[in-house]
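S.K.: Give me coordinates for this.
(one chain, ligands or ions: 1)
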Amino acid sequence: MQITDSFEITKDGFYGNFGGQLISEDLKKEYTIIAEEFLRIKDDEEFIQELDELLKTFAGRPSPLYYARNLSKKYGVKFYIKREDLNHTGSHKINHSLGEALLAKKMGKTKLIAETGAGQHGVAIATAAALVGLECDVYMGEVDIQKESPNVSRMKMLGANVIPVSEGTKTLKEAVDASFAAYCKEYKTAMYAIGSVVGPHPFPMIVEHFQSVIGREARGQMLDLTGELPDYVVACVGGGSNSIGIFNGFLNDFSVKLVGVEPLGKSEKLGENAASINFGRIGELHGFRSMFLQDEAGNIADAYSVASGLDYPGVGPKHAYLNEIGRAEYVTINDKEAIDAFFELSRTEGIIPALESSHAVAQALKIAKTSSQNAKILINLSGRGDKDLDFILKNHLQ
Ligand SMILES: *Cc1c(COP(=O)(O)O)cnc(C)c1O
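M.R.: Numbering: from 1, shown residues only. Next up, the predicted model:
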């Protein structure tokens, strides 16, 4: 990697060759307005204060940095856990949801449109919409609606409209297509509130900005607690928002190894994992260029992971770029390893992690086995496991 590489996005939305705005000319005009408004509002004192106040008093930030004493003793290294699981609504998703809702309000929009897979983003965005005073339409595949009924109920309690999507596999990818189509019709009055650092410019830039609070806090907390930076920062990668959020705090600290963990699911076979960087190729979907899982003919493949928050067939453009220049390393963890780590953290530390976050925990345990005693490993615990308990009880109680 060259020290001169920039980690900033270009004006037209590229990180190296990845990203961009592959959409119609009409929409480009609207997206340019969103980008300009965002760049203006994000530095506005009043906006910064309002968002900071909400993050603090409503979401519960700063999230603690916890020294995992039991796990550290057992594995002979030092584990530090960034507790995004303690945020209101149970994950990092509230960070960008509050930002997006406040941004939409400042832009004079009256509605948020979003897609959701497992319902985590839907709940976070419905929460932010209720708080800020916006209507909220959440598009969700029919299969996911069946599977994730507690989150569907939550969204309804919060006043959101949950709109079933019956196309294709009736899951996340089709929900993205449907919400995007709805937004294209309603863009004058609505704002698209995307759930990760994916989609056309400026959405990856916006979500990245609001998630970077994780890395800013974590870097300061590590220095306060230990006087040093970590040797490793480990985070799971679905679309890539929690990982970019924490990586951004350490990008220019070249001694810190950044490790993104992709879901290997059941196997390396196409359709049985969601490891877009490890097994994908350069392609285009949902308005941007990045690494996508696809067959020989270039058709986007179905993605699978036991952690439904990770089963997107692509990855945010900045990750594709960090991988290409070698600033971050992307590895894989399969379903079984993630479930083992789920139990290990629950029973050793008394913290029940989300299955998504369990992928990061599993990788951290692997790193520990080959590291020296004083190695400091920072894990981003993106969410808590409450939503996964039924599944674990039915299938995997050990
Ligand atoms: C949605 C979700 C993820 C995956 O999304 P990213 O954009 O990759 O962060 C990870 N962990 C939890 C708990 C989630 O809810």
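
S.K.: List the contacts of whichever residue of the chain sits closest to the ligand.
M.R.: At 2.4 Å from the ligand, residue 383 is the closest residue in the chain, using C-beta to the nearest ligand atom. Every C-beta, even on glycine, is put in place using the N, C-alpha and C of the backbone. With contacts defined as C-beta atoms under 8 Å, 6 or more residues apart in numbering, residue 383 is in contact with 84, 85, 90, 91, 92, 93, 120, 309, 353, 354, 356, 357.

S.K.: repeat that for 6 Å
M.R.: 85, 90, 91, 354, 357 (C-beta atoms under 6 Å, 6 or more residues apart in numbering).

S.K.: Please name the bridge partners of it.
M.R.: residue 91 (DSSP bridges).

S.K.: For residue 221, what are phi and psi?
M.R.: phi -70, psi -40 (degrees, to the nearest 10).

S.K.: do you know how far the residue of the chain closest to the ligand is from residue 369?
M.R.: Applying C-beta to C-beta, to the nearest Å, the value for residue 383 to residue 369 is 25 Å.

S.K.: swap in residue 375?
M.R.: 11 Å.

S.K.: repeat for residue 227
M.R.: 26 Å.

S.K.: And for residue 115?
M.R.: Counting by C-beta to C-beta, the gap from residue 115 to residue 369 is 38 Å.

S.K.: Compare these two (neighbour count), which wins?
M.R.: In this view residue 115 and residue 369 are compared by other C-beta atoms under 10 Å, and residue 115 has more residues nearby, 31 against 9.

S.K.: residues near residue 336, how many?
M.R.: Number of residues near residue 336 (other C-beta under 10 Å) recorded here: 13.

S.K.: 12 is where my numbering starts, stick with that
M.R.: Taking 12 as the first residue, the last one we looked at is residue 347.

S.K.: And it, its phi and psi?
M.R.: According to degrees, to the nearest 10, residue 347 has phi -60, psi -40.

S.K.: Check what pLDDT it gets.
M.R.: At residue 347, the model reports a pLDDT of 97.

S.K.: and if you look at residue 179?
M.R.: If you check residue 179, the pLDDT there is 89.

S.K.: Looks to me like it is in a helix.
M.R.: No - assigned with DSSP: H, G, I helix; E, B strand; the rest coil, residue 179 falls outside any helix and is coil.

S.K.: nearest residue to it other than its sequence neighbours?
M.R.: Take residue 179 and drop its neighbours on the chain: the residue closest to it by C-beta to C-beta, 6 or more residues apart in numbering is residue 185, 4.5 Å away.

S.K.: how many other residues sit next to the one you found?
M.R.: Number of residues near residue 185 (other C-beta under 10 Å) recorded here: 21.

S.K.: and if you look at residue 371?
M.R.: Residue 371: 32 neighbours (other C-beta under 10 Å).

S.K.: just residue 233 next, same as before
M.R.: For residue 233, using other C-beta under 10 Å, the count is 22.

S.K.: Let me know the secondary structure of it.
M.R.: Assigned by three-state DSSP, the conformation of residue 233 is helix.

S.K.: next one: residue 378
M.R.: Following three-state DSSP, residue 378 is assigned to helix.

S.K.: Just list the residues touching it, thanks.
M.R.: Going by C-beta under 6 Å, 6+ apart, residue 378 touches 243, 388.

S.K.: re earlier: any idea which helix or strand carries the residue nearest to residue 179?
M.R.: helix 183-197 (DSSP states H and E).

S.K.: Can you work out which other helices and strands pack against the helix or strand that that helix is followed by?
M.R.: For helix 183-197, the succeeding helix or strand toward the C-terminus, using DSSP H and E, is strand 201-203. Other elements packing on strand 201-203 under the criterion 3 or more C-beta pairs under 6 Å, 6 or more residues apart in numbering; DSSP states H and E are strand 122-127.

S.K.: near the ligand at all, the strand it packs on?
M.R.: No - for strand 122-127, no contact with the ligand is found by C-beta under 6 Å from any ligand atom; the gap never falls below 9.2 Å.

S.K.: How about stretch 205-225?
M.R.: Yes - judged by C-beta under 6 Å from any ligand atom, stretch 205-225 comes into contact with the ligand at residue 207.

S.K.: just how off-centre is that stretch within its chain?
M.R.: Centroid separation between stretch 205-225 and its chain, computed with C-alpha atoms, centre = their mean, to the nearest Å, is 9 Å.

S.K.: same thing with stretch 169-185?
M.R.: For stretch 169-185 - counting by C-alpha atoms, centre = their mean - the centre lies 19 Å from the chain centre.

S.K.: swap in stretch 112-130?
M.R.: Using C-alpha atoms, centre = their mean, the offset of stretch 112-130 from its chain centre is 17 Å.

S.K.: List the buried residues of it.
M.R.: 112-117, 120, 122-130 (16 or more other C-beta atoms under 10 Å).

S.K.: Could you pick out the residues of the stretch 62-211 of the chain near the ligand for me?
M.R.: With the criterion set to C-beta under 6 Å from any ligand atom, the stretch 62-211 of the chain comes near the ligand through 102, 104, 131, 207.

S.K.: Tell me which of the residues you listed has the lowest pLDDT.
M.R.: Here the lowest pLDDT out of these sits on residue 131, with 93.

S.K.: How about the contacts made by that residue?
M.R.: Applying C-beta under 6 Å, 6+ apart to residue 131 gives the contacts 102, 104, 320.
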